[in-house]
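Engineer: Just a sequence and a predicted model for now, questions to come.
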Amino acid sequence: MPVHQITSTKLPTDFGLFNIVTFAKDDQNPMPNIALVHEGFEKNRDTVVRLHSECLTGDLFASQRCDCGAQLNKSLEIIAKEKGVLLYLRQEGRGIGLINKMKAYNAQDEGMDTFDANVHLGFEPDARDYSIAIQMLKSLGISKIKLLTNNPEKMGAFKNSGIELVERLPIVIEANEQNKSYLDTKVEKFGHLLKS
């Protein structure tokens, strides 16, 4: 689905001043994808970029079941320092939506891991699509990136995209008692690279 810039306005945050840019098919979309563009961003250099899929429980409520909120905050710290860009993508629950994510949580409470819970519900283990992120980056004039990620699938999304992946920058988050098995599953079944 083609998206384009709808609005842009300044957003002062604890991490510094950003421009918040909404991307959607049209201005009737109540849940647009978002780019946070640091005030010092320059198009003519390698841009530090984070593709962050929405996680209401982790990002807003500081859930300890995952590392999403911690990754978001760490990414914003790095992006503020490097004058980069964060894309906030509306792909809750690895693309299955919030209600199904809650169902997956219930399956996990019964002994499944996050990979098997999604499959049990009839979904791909990871149903996210990064084509909109590529459109957003191109719209912002970004052609070379240093990608903040532990996820090989995000890196693979840039093959033949017209955007050069110059470097992967890891995000190392310490496990806690609640999310250790979740992080282990990321490594063992999703192939995530959780070491620096």
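Structural biologist: Noted; the coordinates are in hand.
Engineer: all helices for the protein, in order.
Structural biologist: Remark: helices assigned in the chain by DSSP state H are 68-82, 92-95, 98-109, 114-120, 131-139, 152-156, 180-190.
Engineer: any idea which of the ones you listed is most buried?
Structural biologist: Highest mean neighbour count of these: helix 92-95, a mean of 21 (counted as mean count of other CB atoms under 10 Å). All C-beta spots, glycine's among them, are computed from the backbone N, C-alpha and C.
Engineer: residues in contact with the residue sitting furthest away from the middle of the chain?
Structural biologist: Note on the chain: the largest C-alpha distance from the chain mean falls to residue 110, namely 27.2 Å (CA atoms, centre = their mean). Neighbouring residues of residue 110 by CB atoms under 8 Å, 6 or more residues apart in numbering: there are none.
Engineer: Nearest to residue 24 among the helices of the chain would be which one?
Structural biologist: helix 131-139 (9.6 Å; CB to CB).
Engineer: Tell me the helices and strands packed up against that closest one.
Structural biologist: Secondary-structure packing of helix 131-139 (3 or more CB pairs under 8 Å, 6 or more residues apart in numbering; DSSP states H and E): strand 16-24, strand 33-38, strand 85-89.
Engineer: now the helices of the chain as CSV including distance to residue 18?
Structural biologist: Formatted as CSV, these follow (distance: least, CB to CB, whole Å):
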stretch, distance to residue 18
helix 68-82, 8
helix 92-95, 22
helix 98-109, 25
helix 114-120, 30
helix 131-139, 14
helix 152-156, 21
helix 180-190, 28
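Engineer: And residue 138, what's its pLDDT?
Structural biologist: On the pLDDT scale, residue 138 is placed at 96.
Engineer: now do residue 88
Structural biologist: Residue 88 carries a pLDDT score of 97 in this model.
Engineer: hang on, isn't it packed against residue 33?
Structural biologist: Yes: using CB atoms under 8 Å, residue 88 is in contact with residue 33, at 6.8 Å.
Engineer: which one of the helices and strands packed on helix 131-139 lies closest to residue 60?
Structural biologist: In terms of CB to CB, the element of these nearest to residue 60 is strand 85-89, at 11.8 Å.
Engineer: now the closest one and helix 131-139, what's the angle there?
Structural biologist: Orientation note: strand 85-89 sits at an angle of 150 degrees relative to helix 131-139 (axes from the mean of the first three to the mean of the last three CA atoms, to 10 degrees).
Engineer: distance of the residue positioned nearest the centre of the chain from residue 33?
Structural biologist: By CA atoms, centre = their mean, the chain has its centre lying nearest to residue 52, at 1.4 Å. Counting by CB to CB, to the nearest Å, the gap from residue 52 to residue 33 is 11 Å.
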